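> my questions concern the predicted model and sequence given below.
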2 protein chains.
Amino acid sequence: MNGRSKVYVEGARAGVRVPFTEVALSGGEAPVRLYDTSGPGSEPEVGLPRLRAHWIAEREGAGDTVEHGGAALPCRTQLHYAKQGVVTPEMEFVAVREGLDAEFVRAEIAAGRAILPANVNHAETEPMIIGKHFLTKINANIGTSAVSDSIAAEVEKLTWAVKWGADTVMDLSTGKHIHETREHIMRNSPVPIGTVPLYQALEKVDGDPVKLTWEVYRDTIVEQAEQGVDYMTVHAGVLLRYVPLAAERVTGIVSRGGSIMAAWCLAHHRENFLYEHFRELCEIFAEYDIAFSLGDGLRPGSIADANDEAQFAELRTLGELTHIAWEYDVQVMVEGPGHVPMHKIKENVDLQQEICGEAPFYTLGPLTTDIAPAYDHITSAIGAAMIGWFGTAMLCYVTPKEHLGLPNREDVKEGVIAYKIAAHAADLAKGHPQAQAWDDALSKARFEFRWQDQFNLALDPDRAREYHDETLPAEPAKTAHFCSMCGPKFCSMKISQELKEYAAKGMADKSEEFAASGGRVYLPVVDQ
Amino acid sequence: MNGRSKVYVEGARAGVRVPFTEVALSGGEAPVRLYDTSGPGSEPEVGLPRLRAHWIAEREGAGDTVEHGGAALPCRTQLHYAKQGVVTPEMEFVAVREGLDAEFVRAEIAAGRAILPANVNHAETEPMIIGKHFLTKINANIGTSAVSDSIAAEVEKLTWAVKWGADTVMDLSTGKHIHETREHIMRNSPVPIGTVPLYQALEKVDGDPVKLTWEVYRDTIVEQAEQGVDYMTVHAGVLLRYVPLAAERVTGIVSRGGSIMAAWCLAHHRENFLYEHFRELCEIFAEYDIAFSLGDGLRPGSIADANDEAQFAELRTLGELTHIAWEYDVQVMVEGPGHVPMHKIKENVDLQQEICGEAPFYTLGPLTTDIAPAYDHITSAIGAAMIGWFGTAMLCYVTPKEHLGLPNREDVKEGVIAYKIAAHAADLAKGHPQAQAWDDALSKARFEFRWQDQFNLALDPDRAREYHDETLPAEPAKTAHFCSMCGPKFCSMKISQELKEYAAKGMADKSEEFAASGGRVYLPVVDQ
């Protein structure tokens, strides 16, 4: 991409080097720096450099226990350090990345309003933060399934997703080679990786949820913790008594994890073992610094089921669990829906923020209508933009294949771009101090017919260039004061530029001069 | 499309036959009827049947004058009849189409809150209504330009646009053969056609706005009126004194019509001739029943320029003109932006509704960010859905080529589908009584693994089917109780269906039975 390059900005502390995409502009404009998730690039077989290894080793042993129930438990979480007043190198990295103060970053983490997912065994990550006072983040799901399972394809999807802007990636593999696939993903990921450990636990009991046990699940957690998984979706809020609430729904339980746990509860007629063993989970998560992503197993899967009692009953339990996790200094975010019509979106954020003490909200879409399978990246980008504006910290993408099949490479890109749009629209609406500079730079380039600058500033420079060139491929058209939409005579931008000049000089006395030169305005000028 | 067919529903009055797409469902479900814009289909060289010819002829001479300034002026508008208490066949058609009472339709038109665009010379239209208490409508723009001009291609785009759901089409041709292109479009269009007459007027004066005159413009209006254009964008609100307000903007004036009129005002240092001759326009519009689409020539073209003084100054003038048009019983809608960040969208609708006496609002998007050229159907679908919910009656589509080039056939489809999504999401949010039945039918089909029903109910059945078949092409997969997203073992819908059955029977006593049959739930059942 001509005009775009990766630059690093140094933090105050040695070793804190934060990547940005720098877009060089023509015509004397200052370059624009954009948030960059693509990572340093790696040989898949070698893996990425272990950026954080030194930082993690350095703080080893120093105050890394948390007091609980009279015992001193190992605790190496960013929340733990933040509460002790320590600004870690990770927090400093994030501060440079977001253009905010490091102390502000620490305070937001300490308050539980933001998380910095960073398993001590995933030293390859470039630190990032998820919280409503920061840039809205997006997650891309990848993963093998029983029907389609290639490790190479998944690593390729990971690299592809972060190239286009995914802030975290969830590995939702359910097929064979789950451990091996994840190992390749971990070692090649510059972004935090999330998983749903229940999927692998279920594989270990031959896919029969009735055979699931706390022990199998715990062993799976530890296995994934050792590999470096940064956050895990845990469906601990699907309580036995909530299952009947979902029975009368149009689409029942649509979360895979939720339906598995519901099946287990029902089969044993016992309370969800994840709920009952939640404090043990907290101890493990504290040791590795894994963040909870409290799963909404009872999220609505259709417009008809939005904001119902099943959904909100579970949310109240997630609030209870959030506060328990905080007792152990474990970082927490809370998952949200799903399918929600526009007028019911805000209630979701408001309730979650109230019940969960402002812990970051992490939603799937929501889809604002059910009628458009094959276009659910769009039905959900609408809901995602709105819920981001209302205070959701991270948006889980939806691809055009949602409800229909597994996303391929192109679907992953479509999903990521749609969600970058939603996230940025949210950042504009919530008034993030840095968001609008990007829009202004692009619009200024557009108005001044700096086509190459416009392409380079675009979320997808390749496609912007390709679409422009479809009708006007010639090189001079890249500096022409019109495009094929209106042709040279009708270009409002061009007329308007002339008007701007005249207006600037004072209007009345210039009308004659303008009239005299009127013809010039409409000539198809092509700059050389 | 298997399972979909066109049916006609008869109104109370003979000859009122309203088309619907009927989706036949399997498994004993009642068929679903969807709003259908595709028209009866035509031979392009012959044109469509003149559905309304008899209705128009029938009322000829009866009360078709309006008193103004002591004179009796010819007036054949739906607003005129509505105010006299007459329910026209067009209103009855619309009532059946929307599932509402004909008297309600009449009252909304009489109050100016809705328009029924229906030039007496465009008898081919199937009547439709634009107003906030009706289904949200969408418009697709087509048209030749200096760079690309094929009549056949434009008629093909028209047919294609209405096939996918465009409620009206604007012919924005600016190249050669404007009259001829429009004639072909009029005679083949089952939906109302809108134009921006200024474009053709400008062609008549060799593209030099300084040479534009009221006389040239008026003649162009009459020429297009005779052809049957149903609504016309008139940029009468771009007043001389507003032009300097746009000078300091990031993107100046981005409306083509707006920039042309601004250039004229400035060159002559005179007031906009469309504003000065507005009452003469009203007289012509009344005679043919052309609806005004009051153009927002000063709409913002970037996030930076949204909701500024230039925009709102013009809006106040559009309010003044709305009330003048109503004196002549001419139907009016008002155009709106443009580029607007989410938090500034609602103010646009609220102000327009207040200033323009609830005349229908008709907006272009708005785009909620500037950073995604090549994806502006998505940046703007977000804004369109929201502004529709807030009370905008019609949404003008934006294609992926916006800002970059002329849309081709595929771009037109992408734009229409994105806007059908936005419009339907708006209908759900504003609680249109018929909207949610469609979502519920599709979600129920999804939950019950009626794949063919799901495809047939989809906004784009072709693509939904294609995406599903990409990974699971075999015919039995169409009735399988899973898809390739999760594979058979992890299908939450499937597990959930089983849970529903158990829950319905009462939970506690059934847990044992469920456990015993647990294995069955996860077998990849493929129904025959």
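Looks like it arrived, so ask away. Numbers count the residues shown, from 1 in each chain, chains lettered A, B, ... in the order given.
> isn't residue A:140 right next to residue A:163, touching?
No. Taking contacts as Cβ atoms under 8 Å, residue A:140 lies outside contact range of residue A:163: 10.8 Å. Every residue, glycine included, has its C-beta placed from N, CA and C.
> quick one: the strands in the stretch 251-400 of chain A, in order.
Secondary structure of the stretch 251-400 of chain A (DSSP state E, counting those that start in this stretch): strands at A:291-294, A:332-336, A:361-364, A:394-396.
> relative to residue B:206, which of those is closest?
Closest approach to residue B:206 among these (Cβ to Cβ): strand A:394-396, 51.4 Å.
> hang on, the earlier thing: between residue A:140 and residue A:163, which one's more packed in?
For residue A:140 and residue A:163, the more surrounded residue by other Cβ atoms under 10 Å in any protein chain shown is residue A:140, and the numbers stand at 26 against 15.
> pretty sure the more buried one sits in a helix.
No. Assessed with DSSP: H, G, I helix; E, B strand; the rest coil, residue A:140 is strand; it does not lie in a helix.
> who's in contact with it?
Contacts were defined as Cβ atoms under 8 Å, 6 or more residues apart in numbering or on different chains; by that measure residue A:140 touches A:161, A:166, A:168-170, A:397, A:412, A:415-416, A:419.
> ok, residue A:259 touching residue A:301?
No. Under the criterion of Cβ under 8 Å, residue A:259 makes no contact with residue A:301, lying 10.3 Å away.
> distance check, residue A:112 against residue A:87.
17 Å (Cβ to Cβ, to the nearest Å).
> these two: which has the busier surroundings?
Neighbours were counted for residue A:112 and for residue A:87 using other Cβ under 10 Å; residue A:112 has more, 24 against 19.
> roughly how far apart are the more buried one and chain B?
Going from residue A:112 to chain B by Cβ to the nearest Cβ, to the nearest Å gives 26 Å.
> that residue belongs to a strand?
No. Going by three-state DSSP, the assignment for residue A:112 is coil, not a strand.
> doesn't residue A:358 make contact with it?
Yes. With contact defined as Cβ under 8 Å, residue A:112 counts as touching residue A:358 (6.7 Å).
> ok, now which ones touch residue A:383?
By Cβ under 8 Å, 6+ apart, the residues touching residue A:383 are A:340, A:342, A:345, A:365-368.
> switch the cut-off to 10 Å
Applying Cβ atoms under 10 Å, 6 or more residues apart in numbering or on different chains to residue A:383 gives the contacts A:337-342, A:344-345, A:348, A:363-369, A:392, A:395, A:398, A:422, B:382, B:385, B:425.
> so which of the residues you listed are in helices?
If you go by DSSP state H, those have A:345, A:348, A:422, B:382, B:385, B:425 in helices.
> between those, which is nearest residue A:263?
Nearest to residue A:263 among the ones in helices among the contacts of residue A:383: residue A:348, at 25.9 Å, using Cβ to Cβ.
> so where's the stretch 51-200 of chain A shaky on pLDDT?
Counting by pLDDT under 70, the ranges of the stretch 51-200 of chain A that qualify are A:62, A:145-149.
> what's the local residue count around residue A:29?
By other Cβ under 10 Å, 15 other residues sit near residue A:29.
> quick one, what contacts it?
With contacts defined as Cβ under 10 Å, 6+ apart, the neighbours of residue A:29 are A:23, A:441, A:444-445, A:448, A:450, A:453.
> kindly report the same for residue A:160.
A:38, A:140, A:142, A:166, A:409-410, A:412-413, A:416.
> any chance of the residues you listed in TSV, with secondary structure too?
Output for the contacts of residue A:160, formatted as TSV (three-state DSSP):
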residue	secondary structure
A:38	coil
A:140	strand
A:142	strand
A:166	coil
A:409	helix
A:410	helix
A:412	helix
A:413	helix
A:416	helix
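> returning to that earlier point: overlap of the contact sets of residue A:140 and residue A:163?
Counting by Cβ under 10 Å, 6+ apart, the shared contacts of residue A:140 and residue A:163 are A:413, A:416.
> any idea how far the residue nearest to the spatial centre of chain A is from residue A:419?
The centroid of chain A falls nearest to residue A:138 when counting by Cα atoms, centre = their mean (1.6 Å). Distance, residue A:138 to residue A:419, by Cβ to Cβ: 4 Å.
> overlap of the contact sets of the two?
The contact sets of residue A:138 and residue A:419 overlap at A:164-167, A:384, A:388, A:394-397 (Cβ under 10 Å, 6+ apart).
> filter those by proximity to chain B?
A:384, A:388 (Cβ under 10 Å from any Cβ of the partner chain).
> tell me which two in the shared contacts of residue A:138 and residue A:419 are the farthest apart.
It's A:164 and A:388 that sit farthest apart of those, by Cβ to Cβ, at 17.7 Å.
> quick one: which of the two has more around it?
Shown here are residue A:164 and residue A:388; by other Cβ under 10 Å, residue A:388 has more neighbours (30 against 20).
> my read: that one touches residue A:420, true?
No. With contact defined as Cβ atoms under 10 Å, residue A:388 does not reach residue A:420; the gap is 11.2 Å.
> now the common contact residues for these two.
Shared contacts of residue A:388 and residue A:420, counting by Cβ under 10 Å, 6+ apart, come down to A:136, A:138, A:395.
> closest to residue B:240 among those residues?
Of the shared contacts of residue A:388 and residue A:420, the one sitting nearest to residue B:240 (Cβ to Cβ) turns out to be residue A:136, at 42.8 Å.
> buried residues, stretch A:342-358. List them.
Of all the residues in stretch A:342-358, those buried under the rule 16 or more other Cβ atoms under 10 Å in any protein chain shown are A:342-345, A:348-349, A:351-353, A:355-358.
> just the contacts of residue A:29 that are near chain B?
Subset of those in contact with chain B: A:441, A:444-445, A:448, counting by Cβ under 10 Å from any Cβ.
> so which of these wins on neighbours?
With neighbours defined as other Cβ under 10 Å, the most crowded of the ones next to chain B among the contacts of residue A:29 is residue A:445; it has 25 neighbours.
> nearest residue to that one in space, please, no chain neighbours.
What sits nearest to residue A:445 in space, not counting adjacent residues and going by Cβ to Cβ, 6 or more residues apart in numbering or on different chains, is residue A:453, at 3.8 Å.
> what is the helix or strand harbouring that neighbour packed up against?
Residue A:453 is part of helix A:451-457 when elements are defined by DSSP states H and E. Packing contacts for helix A:451-457, counted by 3 or more Cβ pairs under 10 Å, 6 or more residues apart in numbering or on different chains; DSSP states H and E, involve strand A:4-10, strand A:17-23, strand A:32-35, helix A:435-447, helix A:461-471.
> return the most buried member of these.
For the helices and strands packed on helix A:451-457, ranked by mean neighbour count under the definition mean count of other Cβ atoms under 10 Å in any protein chain shown, the leader is helix A:435-447 at a mean of 22.
> by contact count, what packs against that one?
So helix A:435-447, by 3+ Cβ pairs under 10 Å, 6+ apart, packs with strand A:17-23, strand A:32-35, helix A:409-429, helix A:451-457, helix A:492-504.
> let's have the ones you listed in CSV, adding mean pLDDT.
CSV is the format used below for the helices and strands packed on helix A:435-447 (pLDDT from 0 to 100):
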stretch, mean pLDDT
strand A:17-23, 97
strand A:32-35, 97
helix A:409-429, 97
helix A:451-457, 96
helix A:492-504, 72
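> out of these, the one nearest residue B:431 is which?
Of all the helices and strands packed on helix A:435-447, helix A:409-429 comes closest under Cβ to Cβ, at 24.0 Å.
> what angle do that closest one and helix B:461-471 make?
When axes from the mean of the first three to the mean of the last three Cα atoms, to 10 degrees is applied, the directions of helix A:409-429 and helix B:461-471 differ by 120 degrees.
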